[in-house]
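Visitor: Have a look; sequence and predicted model below, questions after that.
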Amino acid sequence: MTTKTLSWLLFGSLTLNALLGGLVIARSARRHLDPPPAPQAGPASGPKLLTSMIAAAGGPRSPRYQEVRKQHPLELGKLRREMMEAQGRVNAELRSQDFSEARFKEALGQLEELEIRGLKSANAFAVHLASRLTPEERAQAAERKRPQRGHRSK
C-alpha cells in the first residue's frame, strides 16, 4: 500500500470513530437532558388528597367547606409561624460556634412536634370534610387528576 492510500484509510478511520463517538455521547447526554416523565394519574395522597377533597366539595367558597372550616379551624398561619421559628432555632444551632448536641436535639424535637400537630389537625379536618361529601364526591377526591398546563383550579 502506498502512503497516500494509508493516509486516506487513516483519515476515514478517524472520521468514522469521531462520528460513532459523537453518536454515543449525544445518546448519553440525551438521557440526562430529557425532562423526567410526567406523573401518572392515580390515587391522591397527602396534601393533594385534602386539596382534591376541597375541590370535590365545590371549592373553598362552597358552603360545606366553609361550614367545616368554622367547626374545625386549621390555624395554619399560627402553626406556620411557629414552625418557621423552630426551623430558625435548628439553623441557628447548626451555625453556632458552641454547637450543643442536646440543644440541637431539643430544637429538632420542637420542630417535629409542630409538624405532627399540623398533620393531626389536617387529618381531623379531612375526616370532617369527608363526612360531608357524597360517595361520588369521595370517589372523585380519591382519584388524582393532573391539571392541564396553564389551568388553575377554582
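Guide: That came in fine, so what should we check first?
Visitor: Quickly list the domain ranges of the protein.
Guide: 1-36, 43-144 (automatic domain parsing).
Visitor: least reliable of those going by mean pLDDT?
Guide: The stretch with the lowest average pLDDT out of those is domain 1-36, scoring a mean of 82.
Visitor: just to revisit the earlier point, single out the most deeply packed of the domains of the chain.
Guide: Among the domains of the chain, ranked by average contacts under mean count of other CB atoms under 10 Å, first place goes to domain 43-144 (a mean of 14). Where you see a C-beta, it was placed from the backbone N, CA and C, and this is true even at glycine.
Visitor: That domain: how far from the chain's middle?
Guide: 15 Å (CA atoms, centre = their mean, to the nearest Å).
Visitor: Can you classify residue 58 by secondary structure?
Guide: Secondary structure, DSSP: H, G, I helix; E, B strand; the rest coil: residue 58 is coil.
Visitor: From residue 22, how far off is it?
Guide: 57 Å (CB to CB, to the nearest Å).
Visitor: Could you do residue 123 as well?
Guide: 55 Å.
Visitor: same deal with residue 136?
Guide: Taking CB to CB, one finds residue 136 at 56 Å from residue 22.
Visitor: For the chain, just list every one of the helices.
Guide: 3-33, 47-56, 63-71, 76-95, 101-130, 135-142 (DSSP state H).
Visitor: How about residue 89, nearest residue that isn't a chain neighbour?
Guide: Computed as CB to CB, 6 or more residues apart in numbering, the closest residue to residue 89 that is not its neighbour in sequence is residue 107, at 4.3 Å.
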